[in-house]
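# structure for this input, please:
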Amino acid sequence: MIGCSQRNADLHTHSTVSDGQLSVGLLLKKSQEKNIRYLSITDHENTNQVKEYRKLFSPFSFEIKVIPGVEVSTKHLDQEIHLLAYYSENLVKEVEEIVQPLREEKKNRVMRILEVLKKDRKLENYMEAITYLMSDVSKTFNRMYVARFVYDNLPFCSIEDVFKKYFDNDDVNKSESVYPKTEEVIRKLNSIGCFVGIAHPDFLKDWRKVKYIKYFAEIGVRGIEVFHPLIDENLSLFLLKLCQEINLIPLGGSDFHGYDTKRRELGEFNTFDSSAEAIMEFLCL
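Here you go, the predicted structure:
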């Protein structure tokens, strides 16, 4: 599998269902233009993107094979770990039951952050609008969502500048998310039949933390991102060898959030077609 030359699978993207810039329909359209063959829209703690593309596949024709997915933020010891879970459409209800409480916690964190940010006079007039938008229970709200709103309405050069001004400070960082334990989420997702992988493991630049991945593999993780904007060539090669060593599927994707962010290269960090096909075989898609 690792020697496979075809890499047309972007298995890590985000839409407006969470903190992406493009709607599900536009994300599908752009992906097809990029000749992506396999796509997963892995919105944070959300399954509503599945409902969105279900609507689109009836009246429109997309050649892309879509694998339902979700990204979940967790914590193991001192390390934030993001999981990618892929699932079949008949598991939407079960996956949603797992992620909905986590989505609510993210929203609560944003509300705590807004309490801090409303002290800034430039933002004061926008608080009511942001709060209103966050009444939509079908979406996931996080710092990126608020940052994009600020970027769209105030004169900032980039979303990264918004983060530097409003989010990278001690007052805001006190409003930490209470992430669930990685082990618990892996076991829950496995128990309902998901294919679980590790997202962007750039923390492995500290080579001592490779023991985390080996432990996760023992309790049910089946894949790990090898190709990602945060993963340099050396780490990618290391991860490919690790996949061979402990029998993991090499995952990958652009982590596309939008053309207004650093993660804008849709289809540029694809993984192997055979990886997508292995996931689909596991899920009986």
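
# spatially nearest residue to Thr261, not counting backbone neighbours?
Ile159 (5.5 Å; C-beta to C-beta, 6 or more residues apart in numbering). For the C-beta atoms, the positions are set from N, CA and C on the backbone; glycine is no exception.

# what's the burial count for that neighbour?
Here the number of neighbours of Ile159 (other C-beta atoms under 10 Å) works out to 20.

# cool, Tyr126 as well?
18.

# next: Asn125.
Asn125: 10 neighbours (other C-beta under 10 Å).

# again with the one 4 residues further on
A count of nearby residues for Ala129, using other C-beta under 10 Å, gives 11.

# check Lys55 too.
Neighbours of Lys55 using other C-beta under 10 Å come to 11.

# list the contacts of Gln32.
Listed by C-beta atoms under 8 Å, 6 or more residues apart in numbering, the contact set of Gln32 reads 62-64.

# quickly list what the residue nearest to Ala278 when sequence neighbours are not counted is bridged to.
Spatially, and ignoring its direct neighbours in sequence, Ala278 is nearest to Ile249 (5.3 Å; C-beta to C-beta, 6+ apart). Assessed by DSSP bridges, Ile249 has beta-bridge partners Gly223.

# without its sequence neighbours, what residue ends up closest to Met280?
Leaving out its chain neighbours, the residue that sits closest to Met280 by C-beta to C-beta, 6+ apart is Ile67, at 6.4 Å.

# quick check: that neighbour touching Ala85?
No: counting by C-beta atoms under 8 Å, Ala85 is not a contact partner of Ile67; they are 10.6 Å apart.

# higher neighbour count, those two?
More crowded of Ile67 and Ala85, by other C-beta under 10 Å: Ala85, with 26 against 21.

# the more buried one touches Val72, doesn't it?
Yes: Ala85 is in contact with Val72 according to C-beta under 8 Å; the separation is 6.5 Å.

# which residues do those two both contact?
Counting by C-beta under 8 Å, 6+ apart, the common neighbours of Ala85 and Val72 are Leu189.

# all helices for this protein, in order.
Along the chain, the stretches classed as helices by DSSP state H are 24-33, 48-57, 92-117, 121-124, 127-133, 143-153, 159-162, 170-173, 182-191, 210-218, 233-246, 273-283.

# CSV for the contacts of Gln32, including neighbour count?
Formatted as CSV, the contacts of Gln32 follow (neighbours: other C-beta atoms under 10 Å):
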residue, neighbour count
Phe62, 15
Glu63, 8
Ile64, 19
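
# closest one of the residues you listed to Tyr132?
Checking the contacts of Gln32 against Tyr132 with C-beta to C-beta, the nearest one is Phe62 at 32.8 Å.

# from Ile219, how far off is the closest one?
Going from Phe62 to Ile219 by C-beta to C-beta, to the nearest Å gives 36 Å.

# so which of the helices of the chain is nearest His257?
helix 143-153 (6.7 Å).

# then the closest one to PDB, C-alphas only?
The C-alpha trace of helix 143-153 is given here as PDB (Å, rounded to 0.1, in the frame of the first residue of the first chain):
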ATOM      1  CA  ARG A 143     -12.200  30.200  17.900                       C
ATOM      2  CA  MET A 144     -11.600  30.000  14.100                       C
ATOM      3  CA  TYR A 145     -15.300  30.700  13.600                       C
ATOM      4  CA  VAL A 146     -15.100  33.900  15.700                       C
ATOM      5  CA  ALA A 147     -11.800  34.900  14.100                       C
ATOM      6  CA  ARG A 148     -13.300  34.600  10.600                       C
ATOM      7  CA  PHE A 149     -16.200  36.800  11.600                       C
ATOM      8  CA  VAL A 150     -13.900  39.400  13.000                       C
ATOM      9  CA  TYR A 151     -11.600  39.200   9.900                       C
ATOM     10  CA  ASP A 152     -14.600  39.700   7.600                       C
ATOM     11  CA  ASN A 153     -15.900  42.800   9.600                       C
END
